[in-house]
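Student: Have a look at this prediction, sequence included:
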Amino acid sequence: MLRPWKLQIKIDFKVETPIYIQIVNAIIEAIKSGKLQYGTALPGSRKLAELLNVNRNTVVKALGILTVEGWLISKQRKGVFVASDIPEIGSKTKVLNPSKYYKKEQTPLEIIFDDGIPDSKMAPMEELSRAYRRVFNQKSKWKLMGYYNELGTLEFREAIAQMLSFKRGLNIATDHVAITRGSQMAMYLAAQVLFSKGDAVIVENPGYIPAWKVFEKAGATVIPVQTDNEGIRIDEIETILNNNLNVKAVFVTPHHQYPTTVTMSLVRRLKLIDLSNTFGFTIIEDDYDHEFHFEQRPVLPISSHKEIQNYIYIGSMSKVVTPALRMGYLVSNTDFINKISDLRKIIDVQGDIIMELAVLDLIRSGDIRRHLKRATSHYRKKRAYFKQLLETHLADKVTFEVPKGGLAFWIKPNKKVNNKKFHESLLKRNVDIITTNNFGNKSNKNISGLRIGYASLSSEKLKKGLIEIGKLL
């Protein structure tokens, strides 16, 4: 229950006016002036007596008068609150309407399809909690309370560099890595360092809108390029490059394209690298869910190719452990990382050092590896179940391909559907989805595809939600 930090009431013990009347007048004036607003909880009589240094019976008497007069309302076992129906000063008829100023709580929707968030119940919280405690027990506590490097602890950066070198083929060292508070922060820092007003950046369409906003905030013009079943259209990129000398970067999600889940073909990857080296633009690669791949082995990042010259590679530990853990990383050449360091110091002296060391503990103990093995097996089974649901309830209404990785499906309705009306109708059925406006198709009111995450919802809710979608389609 929210209560004011301290109710400011001045009591003058030298005047003839009784103390309880002074309290009454002070609270009425606070209500009239707006300092005490509708619904505000007053301190309890015992606490208020302590604050004012008066007898509790005096406070009880004052609160009783205010309640009788209608300024306050008493709720059993909850406390005393400012009343909701106090007339506005200077008006004989108008009464304050609480709903005008306070939004009513909405009943939460039963089923919300996200865009591929992991199941929070799978998060290794016990292991992380133990690791957190071990960090405090093993290291001198006073050392943990000081300032560290703005790019992250050296040990954690070494571990990330080693993981990316061994598992993803990047030829990097520790000074190529910056630890951030999630991949979105990495994107923001990269954009602020890379772009100036007048620069342009090519992006996938449909694509990841939060990245578009970051680039625009840095002063860059976003140029959308269509994607198909091989990823972003390289021929369109080449045409743009030949007519626009200000293209500073190309942003891609090549492993599991967002939102379509398509993996960029090797031919296009190599061609994109060749264009980058020829025209001098930077390839910004967001490898947001590399860990969750279910077909043999994941495709190595574009940034792992030895021919690449200008790249920024962005990843996250949030989906590996839990979305609530805001921990990402940015990889590039040392000169660029040094510029990231200079900017990071301005807005955030350092990240969550203790959590970095706790996650490092999980990596060294093997807990992360074991968790990923369990999670991958779990999501592979859930992907198969979701495919079965689609074939059962939407077989003749949608077209889809089973994604090789990631935690979402890209589903294409066989008939055109009005995006706005479809979404509104679903909400009435207690189901929510991410609309196509979130993928860049703002000019197209007809749905071209639905990105539906299958990982975080229970089997029952997945089934019920798809049945409702099937009815509308």
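Tutor: Structure received. Just so it is clear, the structure is predicted and the values come from calculations on it, not from any experiment. Numbering: from 1, shown residues only.
Student: What average pLDDT does stretch 115-122 get?
Tutor: Summarised as a single mean, pLDDT over stretch 115-122 is 86.
Student: Sorry, slip of the keys, the one I care about is stretch 283-292.
Tutor: Across stretch 283-292, pLDDT averages out at 91.
Student: How far away from the center of its chain is that stretch?
Tutor: Using Cα atoms, centre = their mean, to the nearest Å, the mean C-alpha position of stretch 283-292 is found 16 Å from that of the whole chain.
Student: how long is that stretch end to end?
Tutor: Looking at stretch 283-292, the gap from its leading to its trailing residue is 23 Å under the measure Cα to Cα, to the nearest Å.
Student: got it, and stretch 208-224?
Tutor: Chord length of stretch 208-224, first to last residue, is 11 Å (Cα to Cα).
Student: List the buried residues for that stretch?
Tutor: The neighbour-count check on stretch 208-224 (16 or more other Cβ atoms under 10 Å) flags Y208, I209, A211, W212, V214, F215, A218, A220, T221, V222, I223, P224 as buried. For every residue, glycine as well, the C-beta is placed using N, CA and C.
Student: For the protein, which residues score under the pLDDT cut-off?
Tutor: By pLDDT under 70, the low-scoring segments of the chain are 1-7, 85-108, 138-148, 441-447.
Student: Return the distance of the most centrally placed residue in it relative to E110.
Tutor: For the chain, the residue nearest the mean C-alpha position is P323 (7.7 Å; Cα atoms, centre = their mean). With the distance defined as Cβ to Cβ, to the nearest Å, P323 ends up 21 Å from E110.
Student: which residue ranges form the strands in the stretch 251-400 of the chain?
Tutor: Using DSSP state E, counting those that start in this stretch, the strands found in the stretch 251-400 of the chain span residues 282-286, 311-316, 328-331, 398-400.
Student: which one is T261 nearest to, not counting chain neighbours?
Tutor: Taking Cβ to Cβ, 6 or more residues apart in numbering, and ignoring the residues beside it in sequence, T261 has P403 as its nearest neighbour in space, at 3.9 Å.
Student: typed the wrong thing, it's A83
Tutor: I73 (4.6 Å).
Student: for that neighbour, what are its contacts?
Tutor: Under the criterion of Cβ atoms under 8 Å, 6 or more residues apart in numbering, the contact partners of I73 comprise T67, V80, F81, V82, A83, S84.
Student: buried subset of the residues you listed?
Tutor: For these, a neighbour count by 16+ other Cβ under 10 Å gives the buried set as V80, F81, V82, A83.
Student: would you turn those into CSV with secondary structure and distance to R133?
Tutor: CSV is the format used below for those (DSSP: H, G, I helix; E, B strand; the rest coil; distance: Cβ to Cβ, whole Å):
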residue, secondary structure, distance to R133
V80, strand, 42
F81, strand, 41
V82, strand, 44
A83, coil, 48
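Student: Distance to I434 for these - can I get that in TSV?
Tutor: Converted to TSV, these look like this (distance: Cβ to Cβ, whole Å):
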residue	distance to I434
V80	44
F81	39
V82	40
A83	42
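Student: Pick the one among these closest to D432.
Tutor: Each of the buried ones among the contacts of I73 was scored against D432 by Cβ to Cβ, and F81 proved nearest at 33.7 Å.
Student: That closest one contacts A41, correct?
Tutor: Yes. Using Cβ atoms under 8 Å, F81 is in contact with A41, at 5.4 Å.
Student: Residue for residue, what is the longest strand the chain has?
Tutor: strand 221-228 (DSSP state E).
Student: That one pairs with which strands?
Tutor: strand 200-205 (parallel), strand 231-232 (antiparallel) (DSSP bridges).
Student: ok, and what's touching it?
Tutor: The contact list for strand 221-228, computed with Cβ under 8 Å, 6+ apart, reads 198-207, 212, 215-216, 232-233, 236-237, 240, 244, 246-247, 257, 260, 262, 440.
Student: Give me the buried entries from those residues.
Tutor: Buried by 16+ other Cβ under 10 Å: 199-207, 212, 215, 232-233, 236-237, 247, 257, 260, 262, 440, out of the contacts of strand 221-228.
Student: and the residue nearest to T261, helix, strand or coil?
Tutor: When states are read from DSSP: H, G, I helix; E, B strand; the rest coil, the local structure at P403 comes out as coil.
Student: neighbours of it, just the number please.
Tutor: Other residues near P403 number 24, with proximity taken as other Cβ atoms under 10 Å.
Student: need the contact list for it.
Tutor: With contacts defined as Cβ under 8 Å, 6+ apart, P403 is in contact with H256, T261, R383, F409, W410.
Student: Of these, which is the nearest to S303?
Tutor: Ranked by distance to S303 (Cβ to Cβ), these are led by H256 at 15.6 Å.
Student: chain center to stretch 224-237, what's the gap?
Tutor: Distance of stretch 224-237 from the chain centroid (Cα atoms, centre = their mean) equals 27 Å.
Student: and what of stretch 191-211?
Tutor: Put simply, stretch 191-211 sits 19 Å off its chain's centre (Cα atoms, centre = their mean).
Student: Could you do stretch 390-408 as well?
Tutor: Stretch 390-408 has its average C-alpha position 26 Å from the chain's average C-alpha position, going by Cα atoms, centre = their mean.
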